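1. Pasting the sequence and the predicted model now:
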Amino acid sequence: MRRRLHWLALAGVLAAAPPWAHAQQSADARTSKAVRKDADTVARQRAEVQRLQHDVAAQESGSHAAAQRLRQQDAEIAELQRQLQAAQQGGAAADKGH
């Protein structure tokens, strides 16, 4: 009788194991899906960060180029002002000589 109870208890434990195993597999699947979702989110965010970094670099490059053009224009304006001043002084000196 005792052996029969042991076998019956063992059979009950073995019968209960599959639902527990299935629940564990289901939990593992949910965790795996959540990890994949998080990894996908991180990958998208990294791609967005790289795109933004590229955009910032392009804007900085354009800004540096514009600043260089402004410096060049300032130098040209200063040279033209010197030439104008020299021409005005030369014209005034010619007027006095007449």
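-> Great, that's in hand. Numbering: from 1, shown residues only.
2. and the most centrally placed residue in the chain, which of the three is it?
-> Among the residues of the chain, the one closest to the centroid is Val49, at 0.8 Å (CA atoms, centre = their mean). State at Val49, reduced to three classes by DSSP: H, G, I helix; E, B strand; the rest coil: helix.
3. Could you shift the numbering so residue one becomes 95, and keep it that way?
-> Got it, the first residue is 95 from now on, which makes the last one we talked about Val143.
4. separation between it and Ala186?
-> According to CB to CB, to the nearest Å, Val143 stands 63 Å off from Ala186. Quick note: C-beta positions are derived from backbone N, CA and C, even for glycine.
5. next one: Leu164
-> Counting by CB to CB, the separation of Leu164 from Ala186 is 32 Å.
6. How about Leu146?
-> Using CB to CB, Leu146 is found at 59 Å from Ala186.
7. do Val129 as well
-> Taking CB to CB, one finds Val129 at 84 Å from Ala186.
8. cool, and Glu170?
-> Applying CB to CB to Glu170 and Ala186 gives a distance of 25 Å.
9. Same check on Gln119?
-> 99 Å.
10. Just the element for Ser120, please.
-> helix 96-191 (DSSP states H and E).
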